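Student: any chance you can model this:
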Amino acid sequence: MDLAVKGRTAVITGGDSGIGLATAMLLASEGAHIVLNDKTKEELETAAEKVREHAWENSRVVAVTADLTQNGAVQKLAAQVQEQFGGADILVNSAGIRGAAGDFLKLSDEDLYNTIDIDLMGAVRACRAFIPQMQAKGWGRIVLISSENALQPYEDESPYNACKAGIINLAKCLSRTYSKEGLLINCVSPAYIATPMTDEMMQELAEKRGTSEAEAVEWFLKNKRPQIAVGRRGEASEVASVIAFLCSEQASYITGSNFRADGGSVESAFG
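Tutor: Just a heads-up that it's a prediction; the model follows:
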């Protein structure tokens, strides 16, 4: 399927690894120009090289560091995109952290604020910076990354759960406001995908249980995520395929929706 994104400019936050990187590679292969964003310059440049290896011959790939917890940095990122590409057509907000986890009563205000600042407010700042550029073009695609946790929360991840639920609501709210101007805004909610964030979780579990990481993954699937219908961990590329479709011309009648790329992990039919 031709996604019809050749020549479009896609800004991918959290783009140095995981779902963000996989999405950037896929969109670049379809002919989109890519602005890859994350906080760490060296890791971001390495990721940009990987994207260039997959890029269609006329696609440009640039790496721009910016901290999404700083509004000034996000506005500067938007200004650079405007100057170099004439504005963004696509925004994929993949930046996020697991944040503080554990007993709710032991979490401090700072624990919650830190997760909110990155996982929820990072998306707010990115949308606020790039929506005007899309309005000027009369066309845009925004995909915000939520999680199964928004619909099926896990008791030891309350800050993350709340932020990801907020992301779905934010996407719906923005879609109601801007879709008539040609901006289609949706969410994708993954579950237990092989990314650096879940790798770290598995490393911690392996150390705690005194096993290998592979054994930790198997234990986690059996004991913590037995509801995953496909019975395995997902790949970032599998989520990227859903995101890329929502960024495309083919998704011209889809807005305000949440798409679960979760291997059947969420047990409700209507969540």
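
Student: show me the domain layout of the protein.
Tutor: Here the domain parsing of the chain from automatic domain parsing is 9-191+235-261, 194-233.

Student: for the ones you listed, which one ends up most surrounded?
Tutor: Comparing those on average neighbours per residue, with mean count of other CB atoms under 10 Å, the densest one is domain 9-191+235-261 at a mean of 20. From N, CA and C alone the C-beta is placed, and that goes for glycine too.

Student: avg pLDDT for stretch 132-141?
Tutor: Throughout stretch 132-141, pLDDT has a mean value of 98.

Student: quick revisit: among the domains of the chain, which is nearest residue 1?
Tutor: For residue 1, the closest of the domains of the chain is domain 9-191+235-261, at 6.4 Å, according to CB to CB.

Student: measure that closest one end to end?
Tutor: 24 Å (CA to CA, to the nearest Å).

Student: got JSON lines for the domains of the chain, with distance to residue 267 too?
Tutor: Converted to JSON lines, these look like this (distance: least, CB to CB, whole Å):
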{"stretch": "domain 9-191+235-261", "distance to residue 267": "7"}
{"stretch": "domain 194-233", "distance to residue 267": "5"}
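
Student: can you classify residue 75 by secondary structure?
Tutor: At residue 75 the chain is in helix, as set by DSSP: H, G, I helix; E, B strand; the rest coil.

Student: brain fart, residue 58
Tutor: coil.

Student: so how far is residue 248 from the nearest residue to it once chain neighbours are set aside?
Tutor: In space, and not counting its chain neighbours, residue 58 is closest to residue 31: 6.9 Å by CB to CB, 6 or more residues apart in numbering. Between residue 31 and residue 248 the computed distance is 11 Å (CB to CB, to the nearest Å).

Student: who touches both of these two?
Tutor: Residues touching both residue 31 and residue 248 (CB atoms under 8 Å, 6 or more residues apart in numbering) are residue 5.

Student: so how far is stretch 2-12 off the chain centroid?
Tutor: Centroid separation for stretch 2-12 versus its chain: 16 Å, with CA atoms, centre = their mean, to the nearest Å.

Student: average model confidence for it?
Tutor: 96.

Student: ok, residues contacting it?
Tutor: With contact meaning CB under 8 Å, 6+ apart, stretch 2-12 is reached by 20-21, 23-24, 27, 30-37, 56, 58, 77, 81, 85-92, 94, 126, 130, 244-245, 247-250.

Student: show me these that map onto strands.
Tutor: The strands, defined by DSSP state E, take in 33-37, 90-92 from these.

Student: residues in contact with the closest residue to residue 264 other than its chain neighbours?
Tutor: Of all residues not flanking residue 264 in the chain, residue 229 sits nearest, at 2.8 Å (CB to CB, 6+ apart). Residues in contact with residue 229 (CB under 8 Å, 6+ apart) are 263-265.
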